[in-house]
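In: no sequence on this one, just coordinates:
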């Protein structure tokens with residue numbers, strides 16, 4: 001069978017031979033079709049194997065010429081050269097078996113027959129010595145062994161090292177050509193070298209020993225400088241428990257470019273020699289895309305079984321036979337870049353057939369894959385620390401014309417941008433750009449094309465995940481998760497499903513402060529994806545955030561239906577736009593015009609008014625809105641958030657809007673000219689109203705009393721309000737802020753579900769006994785209510801109250817008796833009050849942490 005396989009391969013110089021699953025390796029171009037000629041030149045050259053160095057392939061280039069046992073050398077012609085005398089059938093058979101065993105482990109082999117002085121380049125030189133044969137260039141071989149080879153192994157075939165010396169007369173023909181003394185010394189030297197003696201031992205055992213030793217030499221010679229990753233390799237090796245006889249699987253998880261493949265290759269290099277069969281399927285996802293699932297399954301199983309897939313179709317093999325074969329093998333399998341469960345789904349069950357001590361290692365950006373594949377342990381690859389990142393960054397070349405202090409600062413900014421990602425650091429250190437210029441780009445998270453990162457960032461994302469990814473990269477990074485989810489859900493996406501998918505794929509994290517957090521280089525990559533939608537015409541892109549691009553679109557009226565979102569920082573922008581600037585942007589769903597820095601006379605102005613806003617808008621956030629009202633034609637049926645802080649609006653629109661059914665947030669804070677808000681009966685889903693600082697607002701529509709979903713109502717600083725509608729029926733209301741409503745004299749009717757109540761700076765004189773009905777109240781703030789004279793004893797029944805602020809209530813001269821029920825009160829502030837003494841029942845406040853009496857001039861006694 002082996003001879004037939006070889007013969008088939010030799011007949012086509014482009015054919016491939018399976019070598020024990022390590023990879024597919026091809027015969028050198030130009031190999032002879034003649035079997036005898038081919039056997040003389042057979043070799044699987046490292047430079048032609050599957051494991052080729054590709055630019056920025058998951059950091060394999062970052063750490064140098066990392067190679068596995070499937071591709072040991074690119075600098076030498078061959079890994080192993082075998083020199084022996086051809087013609088003896090026994091010798092030929094032994095060498096044939098040895099060569100096959102080496103090739104099965106992915107070792108490139110060259111059989112050398114010609115008796116010439118030229119010494120080929122290789123890593124391991126094997127000499128078959130018999131009672132009648134030593135190489136004619138033995139002196140040359142020994143002379144070059146220190147410089148040309150890592151190891152020279154003699155095989156004493158059917159003789160002992162002693163016999164080699166005692167039978168030196170058999171080699172007298174060489175003595176005649178050279179100095180006999182040198183030859184005698186050479187024979188003595190080679191007889192004392194570490195080697196192999198085949199006398200009465202099994203040839204198969206000897207071949208196995210030779211292969212193991214060759215692998216050790218090749219692997220040790222390929223040791224790579226794993227900058228900052230050695231510890232992580234050791235941690236994974238400890239999880240593998242190599243000595244254990246159970247079948248164990250490990251998942252290596254992390255973001256793109258973090259070094260998963262590099263670590264897997266290093267582990268393969270270190271431990272593959274201990275396994276009977278080794279399979280490393282690199283970039284499996286891409287292989288599946290190119291070849292298809294069935295072909296990859298055939299390839300994998302043929303490598304594990306060590307059979308040629310064109311000879312035996314694995315799909316035709318019975319499961320019982322397959323199981324029995326695999327159960328006898330101790331196998332090491334590494335499946336690299338498995339980004340979809342379907343990549344391995346067709347042969348995953350076969351991994352359960354592996355024999356005792358087998359190990360399966362899988363690398364993926366998608367944590368969900370490990371769950372579906374039932375991987376035993378998942379290891380998250382950690383980023384490089386700052387010192388290591390700086391060291392890797394400084395391996396590149398920059399135009400250094402800066403002082404050491406400035407240069408160090410800029411370097412740290414680049415390291416922060418990379419978040420310790422080796423592939424990003426390698427890219428930053430290699431590009432031909434001044435470091436201070438590059439630093440400015442990364443500080444503003446400008447779009448940056450990072451090879452490898454760019455191509456794989458959106459790989460494996462479905463349409464929903466891709467849209468959520470690009471929206472966050474363009475607009476929402478480091479913003480509140482719930483607010484972002486509200487807007488994305490309103491746009492027709494499944495936000496939480498998208499968040500979960502992006503987290504699993506290492507593209508997003510949710511911080512402890514509930515913020516969606518995307519690494520800077522991933523955000524820059526996402527923005528680059530958007531920019532490449534149309535390199536030269538910003539108006540043809542789906543998302544715009546660059547101020548210059550947006551200014552160009554507004555001034556030149558180049559907006560199109562492609563635009564879905566615009567976030568404009570107006571801090572350094574001042575220009576006029578025409579009334580119909582948004583007319584062509586009918587698919588615009590997100591519009592935010594804001595100022596990161598408050599500067600006078602900056603912003604977008606509409607001297608001729610604004611005629612149109614798209615009906616698909618979900619977010620309308622416009623700081624310093626320059627007009628007195630929104631366009632009358634504006635259809636608000638899809639609007640989720642209306643945010644016009646510090647606007648010039650006197651009213652939002654004329655009359656009642658037909659539909660505000662989707663509106664959830666209305667923020668009009670510090671709109672000083674706003675005199676009234678519209679009726680909100682058509683906004684049943686409204687959850688958040690913020691009218692803080694609207695000091696011209698005269699009244700609040702009674703329709704507010706019917707907003708059953710309202711959670712937050714802020715009327716702070718509405719100094720002209722004399723009353724507010726009843727909130728007693730607002731079952732969802734949690735926060736009510738009436739602080740600074742300086743004309744408010746009567747304590748309003750309040751929902752019993754309120755948790756925070758702010759009424760500082762009002763005209764109220766007393767708190768009604770009905771305050772006890774606010775059974776969920778946690779915070780009561782009456783600061784600077786100077787007309788407040790007393791508190792009811794019923795306030796003691798607020799058993800959930802944690803904070804009570806009475807500071808500045810200068811007319812309050814008595815604090816009520818307390819009961820044991822106030823077990824949650826932690827903060828009590830009586831500063832600047834007229835209180836003369838505290839009741840002894842203050843001792844019942846067992847949770848009290850802070851008690852303040854600052855500037856209590858009337859205080860006489862403490863209990």
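Out: Thanks, I have the structure now. For clarity, every value in this text was computed on a predicted model and none was experimentally measured. Residues are numbered from 1 along each chain as shown.

In: contacts, neighbours, all on C-alpha from now
Out: Will do.

In: First-to-last residue distance for stretch 343-358?
Out: With Cα to Cα, to the nearest Å as the measure, the ends of stretch 343-358 fall 21 Å from one another.

In: try stretch 661-676
Out: From the first residue to the last, stretch 661-676 extends over 20 Å; the measure is Cα to Cα.

In: can you give me the offset of that stretch from its chain's centre?
Out: In terms of Cα atoms, centre = their mean, to the nearest Å, the centre of stretch 661-676 is found 39 Å from the chain centre.

In: cool, and stretch 827-847?
Out: 53 Å.

In: next one: stretch 416-435
Out: Counting by Cα atoms, centre = their mean, stretch 416-435 comes out at 16 Å from the chain centroid.

In: So for it, what gets flagged as buried?
Out: For stretch 416-435, the neighbour count (16 or more other Cα atoms under 10 Å) marks 416-429, 435 as buried.

In: Also stretch 573-586?
Out: In stretch 573-586, counting by 16+ other Cα under 10 Å, buried: 573, 577, 578, 579, 580, 581, 582, 583, 584, 585, 586.

In: Same question for stretch 287-297.
Out: 287, 288, 293, 296, 297.

In: Show the end-to-end separation of that stretch, please.
Out: 11 Å.

In: List the contacts of it.
Out: With contacts defined as Cα atoms under 8 Å, 6 or more residues apart in numbering, stretch 287-297 is touched by 343, 344, 346, 347.

In: Buried subset of the residues you listed as a PyMOL selection?
Out: To isolate the buried members of the contacts of stretch 287-297 in PyMOL, using 16+ other Cα under 10 Å:
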select buried, resi 343+344+347
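
In: From the contacts of stretch 287-297, which land in helices?
Out: The helices, defined by DSSP state H, take in 343, 344 from those.

In: could I get the contacts of stretch 287-297 as CSV with distance to residue 590 and pLDDT?
Out: Converted to CSV, the contacts of stretch 287-297 look like this (distance: Cα to Cα, whole Å; pLDDT from 0 to 100):
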residue, distance to residue 590, pLDDT
343, 37, 83
344, 40, 85
346, 43, 72
347, 45, 75
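
In: Can you tell me which of the contacts of stretch 287-297 is nearest residue 644?
Out: Residue 644 lies nearest to residue 343 out of the contacts of stretch 287-297, by Cα to Cα, at 49.3 Å.

In: Quick check on residue 93: phi, psi?
Out: Per-residue torsions, residue 93: phi -60, psi -40 (degrees, to the nearest 10).

In: Nearest to residue 210 among the buried residues of stretch 573-586?
Out: residue 585 (71.6 Å).

In: so the closest one touches residue 560, yeah?
Out: Yes: using Cα atoms under 8 Å, residue 585 makes contact with residue 560 at a distance of 5.2 Å.

In: okay, residue 586: pLDDT?
Out: We have a pLDDT of 95 for residue 586.

In: Also residue 315?
Out: For residue 315, the pLDDT comes out at 65.

In: Same question for the one 10 residues further on.
Out: The confidence metric pLDDT takes the value 84 at residue 325.

In: what are the phi and psi angles of the nearest residue to it once chain neighbours are set aside?
Out: With Cα to Cα, 6 or more residues apart in numbering as the criterion, residue 325 has its nearest non-adjacent residue at 7.5 Å, and that residue is residue 305. Backbone geometry at residue 305, expressed as degrees, to the nearest 10, gives phi -90, psi -10.

In: number of nearby residues for residue 305?
Out: 17 (other Cα atoms under 10 Å).

In: just checking, it touches residue 328?
Out: No: counting by Cα under 8 Å, residue 305 stays clear of residue 328, with 10.8 Å between them.

In: List the buried residues in the helix or strand containing residue 164.
Out: Using DSSP states H and E, residue 164 maps to helix 161-166. By 16+ other Cα under 10 Å, the buried positions in helix 161-166 come out as 161, 164, 165.

In: can you check stretch 361-381 too?
Out: By 16+ other Cα under 10 Å, the buried positions in stretch 361-381 come out as 361-370, 373, 375, 377-381.

In: swap in stretch 821-839?
Out: 822-836, 838.

In: same question, stretch 238-245
Out: Under the neighbour-count criterion of 16+ other Cα under 10 Å, stretch 238-245 has 239, 240, 242 buried.

In: again, but for stretch 742-762
Out: 742-744, 746-748, 750-762.

In: Endpoint to endpoint, it covers what distance?
Out: Start-to-end, stretch 742-762 (Cα to Cα) is 5 Å.

In: so where's the stretch 651-800 of the chain shaky on pLDDT?
Out: 655-656, 658 (pLDDT under 70).

In: Over to the stretch 151-300 of the chain?
Out: 168-179, 220-226.

In: What segments of it are strands?
Out: Counting by DSSP state E, counting those that start in this stretch, the stretch 151-300 of the chain has strands at residues 151-157, 196-198, 248-253, 277-281.

In: neighbouring strands for the third one, and are they parallel or not?
Out: I take that to be strand 248-253. For strand 248-253, the pairing partners within the sheet under DSSP bridges are strand 359-364 (parallel), strand 377-380 (parallel).

In: Please enumerate residues in contact with that strand?
Out: By Cα under 8 Å, 6+ apart, strand 248-253 touches 236, 239-240, 260, 357-367, 370, 375-381.

In: quick one, helices of the stretch 201-350 of the chain?
Out: 203-221, 230-240, 260-271, 284-291, 293-305, 319-326, 341-344 (DSSP state H, counting those that start in this stretch).

In: what's the closest of the ones you listed to residue 597?
Out: helix 260-271 (41.4 Å).

In: so what secondary structure elements neighbour that closest one?
Out: helix 230-240, strand 359-364 (3 or more Cα pairs under 8 Å, 6 or more residues apart in numbering; DSSP states H and E).

In: Let me have the buried residues of stretch 573-586 in a markdown table, adding secondary structure and distance to residue 110 as columns.
Out: Putting the buried residues of stretch 573-586 into a markdown table (DSSP: H, G, I helix; E, B strand; the rest coil; distance: Cα to Cα, whole Å) gives the following:
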| residue | secondary structure | distance to residue 110 |
| --- | --- | --- |
| 573 | coil | 70 |
| 577 | coil | 75 |
| 578 | coil | 77 |
| 579 | coil | 78 |
| 580 | coil | 76 |
| 581 | coil | 73 |
| 582 | coil | 71 |
| 583 | coil | 73 |
| 584 | coil | 69 |
| 585 | coil | 67 |
| 586 | coil | 69 |
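
In: nearest residue to residue 711 other than its sequence neighbours?
Out: With Cα to Cα, 6+ apart, the residue lying closest to residue 711 is residue 733, at 4.1 Å.

In: An error on my part: the question was meant for residue 763.
Out: With Cα to Cα, 6+ apart as the criterion, residue 763 has its nearest non-adjacent residue at 4.5 Å, and that residue is residue 745.

In: would you list every one of the helices in the stretch 451-600 of the chain?
Out: Listed in chain order, the helices of the stretch 451-600 of the chain (DSSP H, counting those that start in this stretch) span 453-457, 463-471, 481-490, 495-504, 520-531, 547-556.

In: TSV please, covering those helices and showing mean neighbour count.
Out: TSV is the format used below for the helices of the stretch 451-600 of the chain (neighbours: other Cα atoms under 10 Å):
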stretch	mean neighbour count
helix 453-457	18
helix 463-471	20
helix 481-490	18
helix 495-504	20
helix 520-531	24
helix 547-556	16
